[in-house]
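1. Could you work out the structure for the sequence below:
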Amino acid sequence: MDFKEISIEDKKLFDSYFAKFKQNISELTFTNLFMWRKYYKFKYAEICGMLCIVSETEDRAPFAFAPVGNIEGEELNRVINYLKEYFSKKGWQLRLERVNKDALNYLKKFVSDESDIIYERDASDYVYACSDLINLKGKKYDGKRNHINKFKKTYRYKYTGFDSQNASEYLLSECIRILNEWCEQRGGSTNNDIKNERTANIELIENFTKLNCKAALVEVDGTYEAFTVGEMLNDNTAVIHIEKAKSSINGLYAFINQQFCEKEWSHAEFINREQDLGIEGLRKAKLSYNPRYLIDKYSVIIR
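-> You can find the predicted model right below:
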């Protein structure tokens, strides 16, 4: 098995697998894998017609994603055996992570004990109806509407959307400036989590014109103060990869969220806003938007 590091030239290959074998978890887009490839030390190989992605990072246990391909067929047995052999030769236990329920149904037969299937709540994706995030109707969204209305009354603002075809160096440099300021405010020079997030975000921004994403900036009183980036995850769902704003501007996060959905993703049925990583404040914020459902994920240990 020849596992290779992910490069920008691999986008066409990954996209072909994800287009044919629809995915619903936020991790499985080429953009996500590419931007986080250095932190997770992602590698990939094609085995028996399936795309296999492994993480060989040094500061956490190595793992693989569930193979992307026809997992309903007999080839899955061979692929799992290949992965077990690969991990075993390196002295590792085969652990599949970010496994959704659909894939879990086919992977259960490789598990010797139910305790080797672990529910990972912190990795659950939050999925919202796009119409909910655009219209913000009903009492449950009173707070969001109030924040946006106050923002509109308080500031002069301008929304600027762009994609890989019309992105300019200036717009992308403004995204990097906002990102850097956001990281500095959170101890980015000493906080490893923030440093890793910055590195991943920079990878996306610097390669934006080669990725099939959309982005937006919001100008507040003459200065860009927020940006966001997303793309279509599958036929009916968009995924938001980045959302950064100056937190001292009340209502700015709510405003860019609502505008990005309305102006760029109104054709999508759902919006996947990724996981909360077990961070209490982030979980509270994601729940406050009333997700239609969570995508549960599991770790599966194959002995």
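2. how about the helices of the stretch 201-303 of the chain, start to end?
-> Along the stretch 201-303 of the chain, the segments classed as helices by DSSP state H, counting those that start in this stretch run 252-264, 280-287.
3. So which of these is nearest Tyr40?
-> helix 280-287 (19.7 Å; CB to CB). Where C-beta positions appear, they are placed from N, C-alpha and C, glycine not excepted.
4. winner for burial among the helices of the stretch 201-303 of the chain?
-> helix 252-264 (a mean of 21; mean count of other CB atoms under 10 Å).
5. So which elements touch that one?
-> helix 130-135, helix 142-154, strand 157-163, strand 214-220, strand 223-232, strand 237-245 (3 or more CB pairs under 8 Å, 6 or more residues apart in numbering; DSSP states H and E).
6. Which positions within the shortest one qualify as buried?
-> The neighbour-count check on helix 130-135 (16 or more other CB atoms under 10 Å) flags Cys130, Ser131, Asp132, Leu133, Ile134 as buried.
7. which ones are touching the last one?
-> When contacts are counted by CB atoms under 8 Å, 6 or more residues apart in numbering, Ile134 touches Gln258, Cys261, Glu262, Ser266.
8. Return the distance of it relative to Gly73.
-> 40 Å (CB to CB, to the nearest Å).
9. ok, back up a step: I'd like the buried residues of helix 130-135 as JSON lines, with pLDDT and distance to Glu243 appended.
-> Shown next, in JSON lines, are those (pLDDT from 0 to 100; distance: CB to CB, whole Å):
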{"residue": "Cys130", "pLDDT": "98", "distance to Glu243": "15"}
{"residue": "Ser131", "pLDDT": "98", "distance to Glu243": "19"}
{"residue": "Asp132", "pLDDT": "98", "distance to Glu243": "17"}
{"residue": "Leu133", "pLDDT": "98", "distance to Glu243": "12"}
{"residue": "Ile134", "pLDDT": "98", "distance to Glu243": "16"}
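10. Looking at those residues, which is nearest Phe270?
-> For those, the nearest to Phe270 is Cys130 (6.1 Å; CB to CB).
11. right, and the closest one touches Ala268 too?
-> Yes. Counting by CB atoms under 8 Å, Cys130 does reach Ala268; the two are 4.9 Å apart.
12. any common contacting residues for those two?
-> Ala238.
13. Show me the shaky parts of the stretch 201-303 of the chain.
-> Along the stretch 201-303 of the chain, no part satisfies pLDDT under 70.
14. From the structure, what's the count of residues near the residue lying closest to Asn234 once chain neighbours are set aside?
-> Spatial nearest neighbour of Asn234, excluding adjacent residues (CB to CB, 6 or more residues apart in numbering): Lys22 at 4.9 Å. For Lys22, the neighbour count with other CB atoms under 10 Å is 14.
15. And for Asn180?
-> Asn180: 15 neighbours (other CB under 10 Å).
16. quick check: angle from the host helix or strand of it to strand 223-232?
-> Assigning secondary structure by DSSP states H and E places Asn180 in helix 169-185. Counting by axes from the mean of the first three to the mean of the last three CA atoms, to 10 degrees, helix 169-185 points 100 degrees away from the direction of strand 223-232.
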